[in-house]
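Enquirer: Generate coordinates for the sequence data below:
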Amino acid sequence: MRIVELIIDEKQENAGIDAVSVVENPAIEEDFVALKKHNVELKTINEEKRVLMGAALVPDKQIYRRNEKNEEYYIYFSADTILKASQLFFKKGNQNNATTEHNEKVSGMTCFESWIVEDKEKDKSALYGFDVPVGTWMLSMQVNNDDVWKDVKEGKYKGFSIEGYFQEKEELNKQLSEEEVLEEIKNLISKFNG
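Expert: Below you'll find the predicted structure:
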């Protein structure tokens, strides 16, 4: 199965991430945490903060995809691409662009905090129980949309998923099965004899 690295071509006007979607099954397999209550002091009355925190992109994480031709493959993002994507996201002012399940645009959602994990043990992500690799893009999102927040509380949405435009940079899988190697050889021979 082929593996495709997605990269950003900064010369393209629409390159990068347009929106963050809250989804039930994040492709990066990282759920967010809903920071419903935050105790500053024991005397403080707990109020719902409506904040979600989670990983938006994890470096080198292979994500399964199937295209319209029913071809299966994996995509991944390098740490460098993730850094560029996170910076472009805010540079283009997209922090208020959100969807649910990549379908419906929703208002009242704002990404207000963003960082790249630099130290797994000392990072804020570790404080909240995340075990993500260095280079992961973390986000905090304020949810001022009652319908979305209700769905979050009911467990309908579990993580973030990004929406954007990237270029493909293919790589060969270095650990192909014997069957896949034979299939690749057959394809090459048929193309050559073609």
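
Enquirer: check which helix or strand covers Thr81.
Expert: Assigned by DSSP states H and E, Thr81 falls within helix 79-91.

Enquirer: next helix or strand past that helix?
Expert: strand 98-100.

Enquirer: how far is the helix or strand following that next one from where the chain is centred?
Expert: Sequence-wise, the next helix or strand downstream of strand 98-100 (DSSP H and E) is strand 104-106. Remark: strand 104-106 is offset 17 Å from the chain centroid, using CA atoms, centre = their mean, to the nearest Å.

Enquirer: counting contacts, what elements does strand 104-106 pack onto?
Expert: Judged by 3 or more CB pairs under 8 Å, 6 or more residues apart in numbering; DSSP states H and E, strand 104-106 is in contact with strand 98-100. No exception for glycine: its C-beta is placed from N, CA and C like everyone else's.

Enquirer: Could you tell me how far the closest residue to Asn25 other than its chain neighbours is located from Val132?
Expert: The shortest distance from Asn25 to any non-neighbouring residue, by CB to CB, 6 or more residues apart in numbering, is to Lys158 (7.1 Å). As for Lys158, its distance to Val132 is 15 Å (criterion: CB to CB, to the nearest Å).
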